[in-house]
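Q: I need the structure of the sequence given here:
(2 chains)
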There are 2 protein chains.
Amino acid sequence: MKNLKGALLFAQSGGPTAVINASACGVFEEAFEHGEITQVLGAAHGVVGILNDELYDIGLEDREEIHRLLTTPSSALGSCRYKLKDFKDDDTDYLKILEVFKKHNVRYFLYNGGNDSMDTCNKIGEFVNYHGYECNVVGVPKTIDNDLYGIDHCPGFASAAKYIATTCMEIDLDGRVYNKGMITILEIMGRHAGWLTAAAAVATHAGHGPDLIYVPERDFNLEKFYDDVKRVFDKNGKCIIAVSEGIHDANGKFIVEYGAANARLDAFGHTQLGGTAAFLVNFLSDRIDTKYRAIEFSLMQRCAAHIASKTDRDEAYNEGRAAVKAAVEGRSNIMVGYVRKPGKKYVPVLEEFPLSKCANTEKKLPPEYINEEGNMITKAYLDYVVPLIEGESTPKFVGGVPRFANLKKILAK
Amino acid sequence: MKNLKGALLFAQSGGPTAVINASACGVFEEAFEHGEITQVLGAAHGVVGILNDELYDIGLEDREEIHRLLTTPSSALGSCRYKLKDFKDDDTDYLKILEVFKKHNVRYFLYNGGNDSMDTCNKIGEFVNYHGYECNVVGVPKTIDNDLYGIDHCPGFASAAKYIATTCMEIDLDGRVYNKGMITILEIMGRHAGWLTAAAAVATHAGHGPDLIYVPERDFNLEKFYDDVKRVFDKNGKCIIAVSEGIHDANGKFIVEYGAANARLDAFGHTQLGGTAAFLVNFLSDRIDTKYRAIEFSLMQRCAAHIASKTDRDEAYNEGRAAVKAAVEGRSNIMVGYVRKPGKKYVPVLEEFPLSKCANTEKKLPPEYINEEGNMITKAYLDYVVPLIEGESTPKFVGGVPRFANLKKILAK
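A: Okay, here's the model as predicted:
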């Protein structure tokens, strides 16, 4: 619907990334420029903040701090993992959301997140429209996993990939320094798709990276793994391996679950699991007598704004701006995102996708990005990923450390 | 001895750092400028390379690659952890070293390392001089642990501290994002001294850092730890904690050893230990029902050249140059290093120290850097550390990742 006059509400969802706030920055800065938008609101902790009517009045924030969001990692407004039910089964939450929308006269709703969040966004859009409430709903993509359908790549992915590639190079240099045997296993995020783990291959192709890379797109076999490692280790006296946390056997059982037999239960009955890398170190250490290191890139890979990709950051910012423009121009129930033009040169193009198509579809690594053996990533992946990790986005440093944005977070009444 | 004409031999020892190669760069570039130095040699894997007569002819390297060492982490020549015996007990190794020195006419020997390496350097200097062989021996300090005696700070420490402080900030932003409880434990290097773990306090004082910090200078008590965490968690629903890997109880037993009872032995009889953070997560998870994360900064903290301190890098380079100058000017059995002038402004001054004094003395965090409770670092530490982590040294990036130095490593005959 065009010519809507009212508030814009923006919310962040799912796991944080190094550039999710760059999208927030783009949304806010674009929103401030439109007369139709009478108030700019940000939900505390995603949809949960909407349900609780905890909305920050972004107009009261210092504009310099808003701009500093461009280089501030994590979700400045807070995030959640709350999953809305289908409103055909239970519309309690939706009615509450509609009430909050009405209270604040929310006419533009922008939701920033991954698969699940696009689903949430889609359901809210459908519900309020069905109830005759005029509100334009636009999704802004975000996930380090890069598994969102339709778009070429997802904001947040490239910055994580740049951290992973760079850190693999640095660890490779460190891990090969001694005149003694050493096997190093790096564990990288990705439960179902290997986009991030594949970034270790950028290091390998730059001359300082893992010897072996395993992603969830291929079934993982422990005996084959042992053979691969043994071959490299016998030749070089060193072996550096990158694995996705989500590698699994032919039956779909996660390799990390193999370690569950030895895991302890805490007093509350939760299983305390070691990681995949730790399990693989245990497995190998019964067969190859050398020094081992298991290294998890953990949260660092998704929040390292100090080494974010400038390309990624700028695209995330542009997507935020584009989402506001689309909403103001009257489009709804869409997600904005980048595709790239065919050809050698990287030419990204912003497009719009129906939200119904984006929700709950997972994009995996294409087969041609993985070698036949299933233990390395091909040059084809590099052609895809290198343009995305080009350029360095660094925050301003004060006193030797980054000066990140500090929002006042004043609740709208 | 002055006016010595012959080869200069440089070797790197101990654990790598983000700026150890910056010292190498300083040594090589200074050495090339001196007519007395007829050949510039670099030992493969420290003293082991000398014993095996594996010396690279650095003069054959591309000068651009040499300069690129300035921003390349880890030890480009390779390192070792070989400990020489006292030559009064067994002089086999020393006689071999003397032979190699004579073969290559080594008249300047520079050794880059920490406590143990300064000891090695000292012994070699004493031995060759005792045998009437003229050779000036100079130590170049290096250790992320910052525990070297006499000097104000040690090259490599500040870059690790900068990585730790920055990463603590990023993890803090990430770890507080959800509207749910979470306890995050960060494990930082330092077996005997808390210099590195204390750097987490820079993040805390910048508004985004751990709530609690524990260093090995204070005995660690599990019950006190639980009380500290419970208090913070009950108040905020979150708690972020930084611990040194070397925290220990009042009997000197490492906390990580508490977990040893449950540890498994591999087929070769080695104990497979989890880390300190993992043990503490297990300990707390029996008492506080929430989500946990144990994060080890692992090798990343010592090899992250992409976020090295420019101050640290430049000082490491200058120390390399100064060591060559001192040797050429006839001084021997000394180590170069920085002290700082008293006063508010940071004024570093290069000085020389007798090697015999530097070897095997450990410098710990002074008591005034730790709060009375023993669970936080004071402002006094910040005054010390912030000038050292000022400025960002980043390598040149090509194709989205750092372009590190590649040496040809051609052996001298």
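
Q: in the stretch 151-300 of chain A, which segments are predicted with low confidence?
A: For the stretch 151-300 of chain A, applying pLDDT under 70 flags the ranges A:260-266, A:270-274.

Q: Show me what residue of the stretch 101-250 of chain A gets nearest to chain B.
A: The nearest approach of the stretch 101-250 of chain A to chain B comes at residue A:173, 3.7 Å away (Cβ to the nearest Cβ). (C-beta placed from N, C-alpha, C; glycine too.)

Q: That residue belongs to a helix?
A: Yes - secondary structure of residue A:173 (DSSP: H, G, I helix; E, B strand; the rest coil): part of a helix.

Q: Give the helix, strand or coil label for residue A:108.
A: Quick answer, by three-state DSSP: residue A:108 is strand.

Q: Once you drop chain neighbours, what's closest to it?
A: Spatial nearest neighbour of residue A:108, chain neighbours left out: residue A:8 (4.0 Å); criterion: Cβ to Cβ, 6 or more residues apart in numbering or on different chains.

Q: for that neighbour, phi and psi?
A: phi -110, psi 130 (degrees, to the nearest 10).

Q: That one and residue A:106 touch, don't they?
A: Yes - contact criterion Cβ atoms under 8 Å: residue A:8 and residue A:106 qualify, at 7.4 Å.

Q: Can you pick out the residue with more neighbours from the two?
A: Higher neighbour count among residue A:8 and residue A:106: residue A:8, with 30 against 23, using other Cβ atoms under 10 Å in any protein chain shown.

Q: Now for residue A:8 and residue A:106: what residues contact both?
A: By Cβ atoms under 8 Å, 6 or more residues apart in numbering or on different chains, residue A:8 and residue A:106 have these common neighbours: residue A:41.

Q: thinking again about what came up before, what's the residue nearest to residue A:108 in contact with, if anything?
A: Contacts of residue A:8 (Cβ under 8 Å, 6+ apart): A:27, A:31, A:37, A:39-41, A:106-110, A:324, A:327.

Q: 7 Å instead?
A: For residue A:8, the contact set (Cβ atoms under 7 Å, 6 or more residues apart in numbering or on different chains) comprises A:31, A:37, A:40, A:41, A:108, A:110, A:324.

Q: Likewise for residue A:23?
A: Neighbours of residue A:23 in contact, by Cβ under 7 Å, 6+ apart: A:112, A:140, A:142, A:155, A:316, A:317, A:319, A:320.

Q: Contact residues of the stretch 1-150 of chain A facing chain B?
A: Within the stretch 1-150 of chain A, the residues that sit near chain B (Cβ under 7 Å from any Cβ of the partner chain) are A:16, A:45, A:48, A:73, A:74, A:75, A:78, A:79, A:80.

Q: can you put these in JSON lines and add pLDDT, distance to residue A:197 and neighbour count?
A: Formatted as JSON lines, those follow (pLDDT from 0 to 100; distance: Cβ to Cβ, whole Å; neighbours: other Cβ atoms under 10 Å in any protein chain shown):
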{"residue": "A:16", "pLDDT": "92", "distance to residue A:197": "19", "neighbour count": "26"}
{"residue": "A:45", "pLDDT": "95", "distance to residue A:197": "29", "neighbour count": "24"}
{"residue": "A:48", "pLDDT": "95", "distance to residue A:197": "31", "neighbour count": "21"}
{"residue": "A:73", "pLDDT": "97", "distance to residue A:197": "21", "neighbour count": "31"}
{"residue": "A:74", "pLDDT": "94", "distance to residue A:197": "22", "neighbour count": "29"}
{"residue": "A:75", "pLDDT": "95", "distance to residue A:197": "24", "neighbour count": "28"}
{"residue": "A:78", "pLDDT": "96", "distance to residue A:197": "29", "neighbour count": "24"}
{"residue": "A:79", "pLDDT": "93", "distance to residue A:197": "24", "neighbour count": "28"}
{"residue": "A:80", "pLDDT": "89", "distance to residue A:197": "27", "neighbour count": "26"}
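
Q: Those in helices, which ones?
A: residue A:48 (DSSP state H).

Q: before we move on, back to that, adding secondary structure, pLDDT and neighbour count, write the contacts of residue A:8 out as CSV.
A: Below are the contacts of residue A:8 laid out as CSV (DSSP: H, G, I helix; E, B strand; the rest coil; pLDDT from 0 to 100; neighbours: other Cβ atoms under 10 Å in any protein chain shown):
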residue, secondary structure, pLDDT, neighbour count
A:31, helix, 98, 27
A:37, strand, 98, 22
A:40, strand, 98, 26
A:41, strand, 98, 26
A:108, strand, 98, 27
A:110, strand, 98, 26
A:324, helix, 98, 28
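
Q: Return the closest of those with respect to residue B:341.
A: residue A:40 (50.8 Å; Cβ to Cβ).

Q: Find the residue closest to the closest one in space, skipping its chain neighbours.
A: Residue A:40's closest residue in space is residue A:58 (Cβ to Cβ, 6+ apart), at 4.2 Å.

Q: wouldn't the one you found be in contact with residue A:44 here?
A: No - Residue A:58 lies out of contact with residue A:44 (Cβ atoms under 7 Å); the separation is 11.8 Å.

Q: Who has more neighbours out of these two?
A: The neighbour count for residue A:58 versus residue A:44, taken as other Cβ under 10 Å, is higher for residue A:58 (25 against 21).

Q: ok, that one to residue A:200 distance?
A: 38 Å (Cβ to Cβ, to the nearest Å).

Q: Check residue A:311 too.
A: From residue A:311 to residue A:200 the distance is 19 Å (Cβ to Cβ).

Q: higher neighbour count, the two?
A: More neighbours surround residue A:200 than the other of residue A:311 and residue A:200, with 34 against 22 (other Cβ under 10 Å).

Q: Beta-bridge partners for the residue lying closest to the more buried one once chain neighbours are set aside, please?
A: Nearest residue to residue A:200, sequence neighbours excluded (Cβ to Cβ, 6+ apart): residue A:242, at 3.8 Å. Counting by DSSP bridges, residue A:242 forms beta bridges with residue A:186, residue A:213.

Q: Surely residue A:242 and residue A:188 touch.
A: Yes - counting by Cβ under 7 Å, residue A:242 touches residue A:188, with 5.9 Å between them.

Q: shared neighbours of those two, anything?
A: A:197, A:200.

Q: could you pull out the strands for the stretch 301-413 of chain A?
A: Remark: strands assigned in the stretch 301-413 of chain A by DSSP state E, counting those that start in this stretch are A:308-309, A:334-340, A:348-354, A:392-393, A:397-398, A:401-402.

Q: Would you reformat those as CSV and include mean neighbour count and mean pLDDT?
A: Shown next, in CSV, are the strands of the stretch 301-413 of chain A (neighbours: other Cβ atoms under 10 Å in any protein chain shown; pLDDT from 0 to 100):
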stretch, mean neighbour count, mean pLDDT
strand A:308-309, 29, 98
strand A:334-340, 23, 96
strand A:348-354, 15, 95
strand A:392-393, 20, 96
strand A:397-398, 15, 97
strand A:401-402, 26, 98
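
Q: Right, I'll leave it there.
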